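Undergrad: Kindly generate the corresponding structure for this input.
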Amino acid sequence: MWHFRFWDVQDVAVFLSITLYMCHLAGAISINSSQRNLIRSVQEDVFFSVDVTCSGVPTIQWSFMSGEGSRSIGTWQPRVFTNITEDYSGRVETYENGSMGLLDLRLQDSGYYVVSVEDPAGNSQDVGFVLKVNEVLYEDLQYLSVTAIALMFVAGLLMLTMWLLHKACRRIKAWRRRKQMPENDATELQPL
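TA: The predicted model follows:
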């Protein structure tokens, strides 16, 4: 026959404490982000916004991956240390909540960015971001507008030169006509 045994209070307490401990381990690291697909233009700045919560002081590492390979951007612990790689020095701003700012974007910055957070117990969690960097189209318009202004200036200068030459030509013609005309000869009147 089957014997059914009901759990006593002690067994339930042990089960709940183990369940709570497992839930605590599973939720030891939390990375929240509002936007993971970012589109920016060349020479703009981008802000990878994350909010990291974990038990203890986390170690935050950002990496970049593209078709050419992957490389580390930097690693830091809030209020302890910051280590930014040489490729990104001067272009990266770190924040204690795990966020990262990347300044003066280039076309090569397009790719996949990963933040890895590790707590003191060795648990880790990763979150990825996709960044697309577009070429700046207004540079072509600036070049076109500067060229148009330069051409208008040259056209205006040519029109002024033509007008001055036309005036000079008319004065020279008038001066030649006056020179060819006989001077006022005094004609004597004959008596009648």
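Undergrad: contacts and neighbour counts: CA atoms only from here.
TA: Fine.
Undergrad: can you pull out the strands in the chain?
TA: Applying DSSP state E to the chain gives strands spanning 29-32, 37-41, 46-48, 51-54, 59-66, 69-77, 81-84, 92-94, 100-102, 111-118, 124-134.
Undergrad: Dump those to TSV, plus mean pLDDT.
TA: Compiled in TSV, the strands of the chain are given as follows (pLDDT from 0 to 100):
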stretch	mean pLDDT
strand 29-32	85
strand 37-41	93
strand 46-48	95
strand 51-54	88
strand 59-66	92
strand 69-77	91
strand 81-84	89
strand 92-94	93
strand 100-102	95
strand 111-118	94
strand 124-134	93
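Undergrad: Name the stretch among the ones you listed that sits most buried.
TA: Highest mean neighbour count of those: strand 111-118, a mean of 21 (counted as mean count of other C-alpha atoms under 10 Å).
Undergrad: Can you list the strands that it pairs with?
TA: Using DSSP bridges, the strands paired with strand 111-118 are strand 59-66 (antiparallel), strand 124-134 (antiparallel).
Undergrad: Go through those and name the closest to Ala150.
TA: strand 124-134 (28.7 Å; C-alpha to C-alpha).
Undergrad: got the angle for the closest one vs strand 37-41?
TA: With axes from the mean of the first three to the mean of the last three C-alpha atoms, to 10 degrees defining the directions, strand 124-134 sits at 40 degrees from strand 37-41.
Undergrad: one step back: could the strands paired with strand 111-118 be laid out in CSV, adding distance to Ala155?
TA: As requested, the strands paired with strand 111-118 are arranged in CSV below (distance: least, C-alpha to C-alpha, whole Å):
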stretch, distance to Ala155
strand 59-66, 49
strand 124-134, 36
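Undergrad: so which of those comes closest to Asn97?
TA: Nearest of these (C-alpha to C-alpha): strand 59-66, 9.3 Å.
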